[in-house]
Structures are given as C-alpha cells and as structure tokens.
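Provided below are the primary sequence and the corresponding predicted coordinates.
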Amino acid sequence: MSGPESDYFARLYRGSDDPYGVGTRWYEERKCALLMASLPRRRYRSAYEPACGVGVLTLALADRCDQVLASDFDARAVDLARDRARTRDNVRVEQHVLPAQWPRDDGPFDLIVLSEIGYFLDEASMRATAACCGDALALGGSLVACHWRPDFEERTLSTLKVHAILAELRLPRLLRHEEDDFILEVWSRDPRSVAQQEGIR
C-alpha cells in the first residue's frame, strides 16, 4: 500500500491508539470470539496474521498457537501490537506490505488469518496474496477470512470479491458465517468436520 492508503492509516493512528475500538467495542469482542470459536483445531503450531492492527486478535491467537507471526503495514500499529504482546514469548510482530513482503521464509503456516485486510488491496494484490496463502498453508492447515461488509470510502474491493478470490484456491470450506456487518469463512486442507476429526461421526 502507498499513497492515499498510507495517509489514511497514518491519520488513523495519529488520532488514536485504538482507532477501530477493537479493545473496547462489544462488536469487536464478539467478532473475535466468533472467529476463535470457528477454528477447527484446538491447537496450531504456527500462525500468520497480517494486518494485525493493535494486536488484540493476535493475543487471542497466541493462546491457541505455539508461534504467532503478526504483521501490519503501518509502523505505528506495529509498535502498538508489539507493546501489547511484549509479555508473550510466542508472538513476533513485523512490518509487512503485502503481497510483496509475504514472509515466505517463515512458512509453512498451519493457520493463516486474513481479518479486515482484503478490501484495502487492489484486485491484483489480493490475488497475489491469495496465491501466497495457498503456497504457505501447511498440510491440514486452516485459512480464515473475516471482513466488514458495508461500503466505506477507503475500500478498494468488495468483501464478496475478496472472499470469492480466496474461494478460487479451491480449498474445502468448513464454515461460512454471514451477518449484515461481516462475513467469516474458514477453509482447510483437511476437509473433515470437527466431529469427524474427533471420531464422533
């Protein structure tokens, strides 16, 4: 991202240490809880969370993952997320611009979480990012996408388009949750349901 997008995020983080209210709004707390409950495995070895913002979801992921690599485009967001995660030995926060700085040397990941990022990318960048997800997802790994639905000025792609591009990876989809506010989807290289994984059915 560059130009107007970088100015947008710079303004956001100049004005607030939590511009989206992820640490205070019930909407954000509930959405995070739904996302975490949607993960088909209790424990993951290695997760990648680009666009981590101030790191609230990062800490939730850290409770379920041996190692979490989180990143953000904005330097101020990276500083805030690092501070939030400073007591977590299993979290690393870096500054990445996607798709160019996808952390190829850190994969494969058995969990990749794209939360509120895809609509800031143009179509070519979103397709390249989706390809990176496909290349970096470990055997049996899970890919999660969660995005705000209503339009806003800084949006480049619709949420439906973002999720359609990810669906083109043709990974088995385990879950699709739709509300007026957001869409949450989970794909996995392991097509089995949670009940099937545990031998219940």
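Looks like it came in fine. Numbering: from 1, shown residues only.

In stretch 34-41, which residues are buried?
35, 38-41 (16 or more other Cβ atoms under 10 Å). (C-beta placed from N, C-alpha, C; glycine too.)

farthest-separated two in those?
Greatest spacing in those, by Cβ to Cβ: 35 and 41 (13.7 Å).

what's the overlap in contacts for these two?
Overlap between the neighbourhoods of residue 35 and residue 41 is empty, taking contacts as Cβ atoms under 8 Å, 6 or more residues apart in numbering.

So residue 162 is in contact with residue 126, correct?
Yes: using Cβ atoms under 8 Å, residue 162 is in contact with residue 126, at 6.1 Å.

what touches both of these two?
Common contact partners of residue 162 and residue 126 (Cβ under 8 Å, 6+ apart): residue 118.

show me where the chain has strands.
44-49, 65-72, 91-95, 109-115, 137-148, 173-178, 182-188 (DSSP state E).

Same list, the ones you listed, but as a markdown table with distance to residue 156 please.
Below are those laid out as a markdown table (distance: least, Cβ to Cβ, whole Å):
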| stretch | distance to residue 156 |
| --- | --- |
| strand 44-49 | 20 |
| strand 65-72 | 17 |
| strand 91-95 | 20 |
| strand 109-115 | 14 |
| strand 137-148 | 12 |
| strand 173-178 | 21 |
| strand 182-188 | 17 |
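
Check those strands for me and report the most buried one.
Of those, the one with the most neighbours on average (mean count of other Cβ atoms under 10 Å) is strand 109-115, at a mean of 25.

Give me the distance between that one and the centre of its chain.
Strand 109-115 sits 6 Å away from the centroid of its parent chain (Cα atoms, centre = their mean, to the nearest Å).
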